[in-house]
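K.L.:
next one to model:
(chains A and B)
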Amino acid sequence: MAEEREPPPLPGVPEPQDAEDLFVSAASAMEDAERSLSPEDISSSSNGPKAEPMLLDHDPDDLFAEATEEVSLDSPERQMILSDGPSPAITPVTINPRADVFDRSPDQDEDEEENRDTFDIQISVSDPEKVGDGMNAYMAYKVTTKTSLSIFSRDEVCVKRRFSDFLGLHSKLASKYMHIGYIVPPAPEKSIVGQRLGRRSSAVTELDPDAKACLCCRYLLRTVKQPALLKDPDVLQFLESSELPRAVSTQALSGAGILRMVNKAADAVNKMTIKMNESDAWFEEKQQQFENLDVQLRKLHASVESLVFHRKELSVNTASFAKSAAMLGNSEDHTALSRALSQLAEVEEKIDQLHQDQACADFYLISELLGDYVRLITAVKGVFDQRMKTWAKCQDAQVMLQRKREAEAKLQHANKPDKLQQAKDEIREWEGKVQQGERDFEQISKNIRREVGRFEKDRVKDFRVVIIKYLESLVHTQQQLIKYWEAFLPEAKAIA
Amino acid sequence: MTEGSSAEAELSVRVSSIRITDVTQDGDVLTFAIASQKLNSSAGVCVFRTYEDFDWLQQSLFSQENLPGLHGIIFPPLPSKALPSQSNTQTKALKQLGFLALGQAWQSYSKALEFYLQQVATHPTLCKCNALDSFLINSESPGRQRGRKGIFNRLSQAVEEMRKESHKDVDNFFQNERIKNTNLAALSKVATEKLLDVVMTEQKLALACGHFSTSLHLCVNQDDAAAVAFSKVCLKLSDIIEAVKRNFEKAGSSNLSTLGLGLDLESRYQEAEKEMLFRRTCKLIELETVKKSTEKAKANKREVMEAFQKAVEKEFSLISSVAKQEIERFHSSRVNVLKNFLIGWCEQQLNTAKEFAELYSQHLEACRNMYTE
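P.N.:
This is a model prediction of the structure:
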């Protein structure tokens, strides 16, 4: 029979209390906590025995701050191509790949379950600079937060963070919130295992600092968009405090890293063995939808990568042509023709710059958006898996309870009074666990429903924002082209 | 019809009316419909010709007899033969024909052939060749008769030829012209190739946009309200990317049909000039060789040699004078040709930019309105 699974403790994270104590303390806390019953959240076909559904507005911080669950890192398989050997390095020029692109303007619509005030917070991640040297060198980023929200101590805060700090934040948030059904934004990636177009081998490409800064910025913005996460003390500490304890468990080859891999492997095996009786059609449908969405998004992402690649190629070719036209102009005897050819070369150089800028827009707007969503879907799927796990836990508890009852019955006949008492205690204990399990399951199901609803809304919003920005970049490019051609035309006409 | 006749004949059609109006493909063979207007009447003429007929025309021009200084003429360059068979992949076609392989339904290729005919017809000497007239108006094709293959084969790359090519000239004018021509021929060839790379990449981009747009279109899902909203967004993006695709197609096609053709023509014309200058240089070498032989000749042979030398001298000076005229004519006409191509290119690109600026702005306006409700 499956034991109650408890992952081994991770170094750097506080020692977990004994699981049973956890439930006991949680149970007592819940009795004191506010109880509210909202009819729409009671799923008529809940899994497990029909215990009285108890839905609580709990504050996750109090109950689960000390819980340990494995931290799920996103799978390293990606199909992102960021830099290709022969093409020159593209530095984002006119498009500012920072918060401006993903500025979250005040949220107008209301979520029926969350009364949000105007969501007014701006975050930017900028100025990557190298700190230290040699083996201990790292990149530090400036994280600026501007907000009028009251939970922040100041209107504007500026702190320095390094990349592992972001990973550490994600690690903490995931351990706190994933298992109760919150979609925690996936951690930014240090490097990408990418597939080079046209070649089957994959290569690990280190992201350039600007792309990383952008990635981290989007990560933070997504995190604070979640009302629960925004209030989280770890998030607040991350954004505000000048000193942050170094996150050690994020190092790839550390003991924690290896433990994580082990947990992931165990997880994969467990996923295969858990067969859940899904009696709620909503979850089944949604899971299927997300599977489909995952496939579609990955395909889209690959398409955009191809677009970015070819645009960079176009930029290279345009520059090459510009050079050859310049040389032709230099060798030309006829003055007016020579001048026109030199002008042609200049126009082509400017067009090359436009191509580079447009490639940036393609990348930073569309490609990164799709990449983010591919990763987000992984987090969403993770949350569905957590629900399955919770259900399994509940099932296991029921099995144990049954066993204890059977044992007690046997003892009754055997007439061993001292052992009988122990058996009765154990039964009570497991009854409690079963109840807790059912409550957990209800809670996580409720949370997931809400989270998915929020995710779907945000998804539409995000894409709309990107479309508008992209169109703006397209319009800008064409207007520049018009300027260049209008300037060139008289030169061409002036050739005697 | 007599070929290679040197009778002073006038072209019987209006030069400016010569057009290739259609091209049909039957297996491996391309047939071109050539239309022109008769000079004396308003009647139009239409004939059908294949590449072999064009080649026959070119050979006829090369092998005209009794035309003094024929070797000094810069012959309008005829494009290479197109091989439209299925086994001929695009890369092979591109290598062989460059820009002329692109475009739909052999448009660029036909245009290049049309230029060729117009250039022959406007050449003060060549337009008088009978072959041209027959080519343009005889309903029967000149047939597969091979004219005497003149001595004007394409410049071979044999080492000896290279040595001849760099032979020092006796005339400064020609020495300079040869240097400039070598330079320009090389540079314009490179520029043509680079522009071709640009156009090919534009085609690839259009294709990539097409794929992306289609993938977006497939994301439609009507399961619930949230899915519908997302689907709408995807469709919008799909439309935008489709517009970007058309943008690339238009820009690429403008590049091809104006500047591409222009550079291709310039590059081939520089080669034609090169061939003429080479012929002259060969004659020069011949003359110098004859002179040396004459000096060394024994008394009994001297008179013959001197007569021979005089003949060669005369040929050489005729070639040189025709060449000089040709060079001047070439210089002025190529500037005009390039000017027209550059203007056409700029205007087309400008129009494309304006059209798509408008289109993108409309999309932007629509999106802004839709999304802020």
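K.L.:
use CA for all of it now, contacts and neighbours both
P.N.:
Fine.
K.L.:
strands along the chain, start to end?
P.N.:
This is for chain A. A:121-131, A:138-147, A:156-162, A:191-195, A:202-206 (DSSP state E).
K.L.:
try chain B instead
P.N.:
Under DSSP E, chain B gives strands at B:19-26, B:29-37, B:44-50.
K.L.:
packing partners for the last one?
P.N.:
In this structure, strand B:44-50 packs against strand B:29-37, helix B:130-137, with contacts taken as 3 or more Cα pairs under 8 Å, 6 or more residues apart in numbering or on different chains; DSSP states H and E.
K.L.:
would you tell me which one of those is buried the most?
P.N.:
helix B:130-137 (a mean of 22; mean count of other Cα atoms under 10 Å in any protein chain shown).
K.L.:
format the strands of chain B as a markdown table; extra columns: distance to A:Thr390 and mean pLDDT.
P.N.:
Formatted as a markdown table, those follow (distance: least, Cα to Cα, whole Å; pLDDT from 0 to 100):
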| stretch | distance to A:Thr390 | mean pLDDT |
| --- | --- | --- |
| strand B:19-26 | 70 | 90 |
| strand B:29-37 | 73 | 90 |
| strand B:44-50 | 79 | 90 |
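K.L.:
re the thing from before, out of the strands of chain A, which comes closest to A:Thr223?
P.N.:
strand A:121-131 (11.0 Å; Cα to Cα).
K.L.:
the closest one packs against which elements?
P.N.:
strand A:138-147, helix A:209-225.
K.L.:
could you list the buried residues of that strand?
P.N.:
For strand A:121-131, burial by neighbour count (16 or more other Cα atoms under 10 Å in any protein chain shown) applies to A:Ile121, A:Gln122, A:Ile123, A:Ser124, A:Val125, A:Ser126, A:Pro128.
K.L.:
and what of stretch A:424-441?
P.N.:
For stretch A:424-441, by 16+ other Cα under 10 Å, it's A:424, A:426-427, A:429-441.
K.L.:
neighbours around B:Glu10, how many?
P.N.:
As a burial measure, B:Glu10 scores 12 neighbours (other Cα atoms under 10 Å in any protein chain shown).
K.L.:
and the pLDDT for the residue lying closest to it once chain neighbours are set aside?
P.N.:
Computed as Cα to Cα, 6 or more residues apart in numbering or on different chains, the closest residue to B:Glu10 that is not its neighbour in sequence is B:Lys128, at 5.5 Å. You'll see B:Lys128 listed with a pLDDT of 87.
K.L.:
tell me how far B:Lys128 lies from B:Ala121.
P.N.:
Distance, B:Lys128 to B:Ala121, by Cα to Cα, to the nearest Å: 8 Å.
K.L.:
got it, and A:Ile495?
P.N.:
25 Å.
K.L.:
repeat that for A:Arg387.
P.N.:
84 Å.
K.L.:
how many residues are close by the closest residue to A:Val460 other than its chain neighbours?
P.N.:
Once flanking residues are discounted, A:Val460 sits nearest to B:Phe230: 5.4 Å by Cα to Cα, 6+ apart. Using other Cα under 10 Å, B:Phe230 is surrounded by 22 other residues.
K.L.:
check which helices and strands the worst-scoring helix or strand of chain B on mean pLDDT is in contact with.
P.N.:
Least confident helix or strand, chain B: helix B:159-165 with a mean of 72, by mean pLDDT, DSSP states H and E. Contacts defined by 3+ Cα pairs under 8 Å, 6+ apart place helix B:159-165 against helix B:261-296.
K.L.:
flag every residue of the stretch 151-300 of chain B that's near chain A.
P.N.:
B:180, B:183-184, B:187-188, B:190-191, B:194-195, B:197-198, B:201-202, B:204-205, B:208-209, B:211-212, B:215-216, B:219, B:226-227, B:229-230, B:233, B:237 (Cα under 8 Å from any Cα of the partner chain).
K.L.:
so which of the helices and strands packed on strand A:121-131 is nearest chain B?
P.N.:
Within the helices and strands packed on strand A:121-131, the stretch nearest chain B is helix A:209-225; the backing value is 18.5 Å (Cα to the nearest Cα).
K.L.:
next, the angle strand A:121-131 makes with the closest one.
P.N.:
Angle of helix A:209-225 versus strand A:121-131, following axes from the mean of the first three to the mean of the last three Cα atoms, to 10 degrees, is 150 degrees.
K.L.:
phi, psi of B:Gly27?
P.N.:
phi 70, psi -120 (degrees, to the nearest 10).
K.L.:
if we can go back for a sec, restrict the buried residues of stretch A:424-441 to those near chain B?
P.N.:
Counting by Cα under 8 Å from any Cα, no member of those is near chain B.
K.L.:
in helices, which of those fall?
P.N.:
A:424, A:426-427, A:429-441 (DSSP state H).
K.L.:
which one of those is nearest A:Ile448?
P.N.:
A:Phe441 (10.5 Å).
K.L.:
show me what contacts the closest one?
P.N.:
The neighbours of A:Phe441, taking Cα atoms under 8 Å, 6 or more residues apart in numbering or on different chains as the test, are A:Asn47, A:Arg387, A:Thr390, A:Trp391, A:Cys394.
K.L.:
reformat those residues as TSV; add neighbour count.
P.N.:
Formatted as TSV, the contacts of A:Phe441 follow (neighbours: other Cα atoms under 10 Å in any protein chain shown):
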residue	neighbour count
A:Asn47	19
A:Arg387	24
A:Thr390	22
A:Trp391	26
A:Cys394	25
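K.L.:
what's the lowest-pLDDT member of the residues you listed?
P.N.:
Ranked by pLDDT, the contacts of A:Phe441 bottom out at A:Asn47 (40).
K.L.:
just the endpoints, please. Distance across stretch B:220-231?
P.N.:
End-to-end for stretch B:220-231, by Cα to Cα: 5 Å.
K.L.:
residues of it that come out buried?
P.N.:
Residues of stretch B:220-231 classed as buried by neighbour count (16+ other Cα under 10 Å): B:Val220, B:Asn221, B:Ala226, B:Ala227, B:Ala229, B:Phe230, B:Ser231.
K.L.:
nearest residue to the fifth one other than its sequence neighbours?
P.N.:
Read it as B:Ala229. That would be A:Val460: by Cα to Cα, 6+ apart, it lies 6.7 Å from B:Ala229.
K.L.:
B:Glu140 - how many residues pack around it?
P.N.:
Using other Cα under 10 Å, B:Glu140 has 11 other residues around it.
K.L.:
contacting residues for the nearest residue to B:Thr21 once chain neighbours are set aside?
P.N.:
Once flanking residues are discounted, B:Thr21 sits nearest to B:Ala33: 5.6 Å by Cα to Cα, 6+ apart. Going by Cα under 8 Å, 6+ apart, B:Ala33 touches B:Ile20, B:Thr21, B:Asp22, B:Val23, B:Cys46, B:Val47, B:Phe48, B:Arg49.
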